[in-house]
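Undergrad: quick one, fold the following:
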Amino acid sequence: MFVTNLEETEFRNLIFEVVKSALSEQDTPPQTPEPFIKGIHELAKFLRCSPARAQKLKNEGIFPYFQDNRTLLFDRAKVRTAMNSKTK
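TA: Numbering: from 1, shown residues only. Got it, this is the predicted structure:
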C-alpha cells in the first residue's frame, strides 16, 4: 500500500488529471479497417497464410477482386463470405 501526505488541493488536482486522462483516451474512436485489402501481401496477412498461397487462391478465383491500375483490391466482406462458403 502506498501512503503519502498530500494537501487537499494537490490530491484534488491529482484526481482531476487522472480522470481527465482516462476520459481523453475514451474519446478516441476505435479504428475501423479499410473496406478493401490492397495487394496479395495484405491478403496473405488477412488470411494468415503465405503470399504464394494467397496468390494461388486468387488465381483459382476463390476471392473476387478488381484492379485499380496495378493494385489488386479485395473487398473484406466478400473475402469473409468466400471463406465461410468454402469451409462449409
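
Undergrad: make it CA atoms for all contacts and neighbour counts henceforth
TA: OK.

Undergrad: who are the neighbours in contact with Lys58?
TA: Pro64 (CA atoms under 8 Å, 6 or more residues apart in numbering).

Undergrad: before we move on, which element is it in?
TA: helix 51-59 (DSSP states H and E).

Undergrad: the helix or strand just after that helix pairs with which strands?
TA: Moving toward the C-terminus from helix 51-59, the next helix or strand (DSSP H and E) is strand 66-68. Paired strands of strand 66-68, with direction, are strand 71-75 (antiparallel) (DSSP bridges).

Undergrad: what's the angle between the helix holding Lys58 and strand 71-75?
TA: Computed by axes from the mean of the first three to the mean of the last three CA atoms, to 10 degrees, the angle separating helix 51-59 from strand 71-75 equals 70 degrees.

Undergrad: buried set for helix 51-59?
TA: Of all the residues in helix 51-59, those buried under the rule 16 or more other CA atoms under 10 Å are 51, 54-55, 58.

Undergrad: columns pLDDT on top of the residues you listed, output as JSON lines?
TA: Conversion of the buried residues of helix 51-59 to JSON lines gives the following (pLDDT from 0 to 100):
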{"residue": "Pro51", "pLDDT": "96"}
{"residue": "Ala54", "pLDDT": "96"}
{"residue": "Gln55", "pLDDT": "96"}
{"residue": "Lys58", "pLDDT": "95"}
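
Undergrad: output the longest helix belonging to this structure.
TA: helix 8-27 (DSSP state H).

Undergrad: mean confidence for it?
TA: Helix 8-27 shows an average pLDDT of 79 in the prediction.

Undergrad: ok, and what's touching the helix or strand following it?
TA: Note on helix 8-27: by DSSP H and E, the next helix or strand toward the C-terminus is strand 36-38. With CA under 8 Å, 6+ apart as the test, strand 36-38 has contacts from 43, 71-76.

Undergrad: of these, buried ones?
TA: Counted by 16+ other CA under 10 Å, those give 43, 73-76 as buried.

Undergrad: closest one to Leu14 out of those, please.
TA: For those, the residue nearest Leu14 by CA to CA is Arg76; the value is 44.9 Å.
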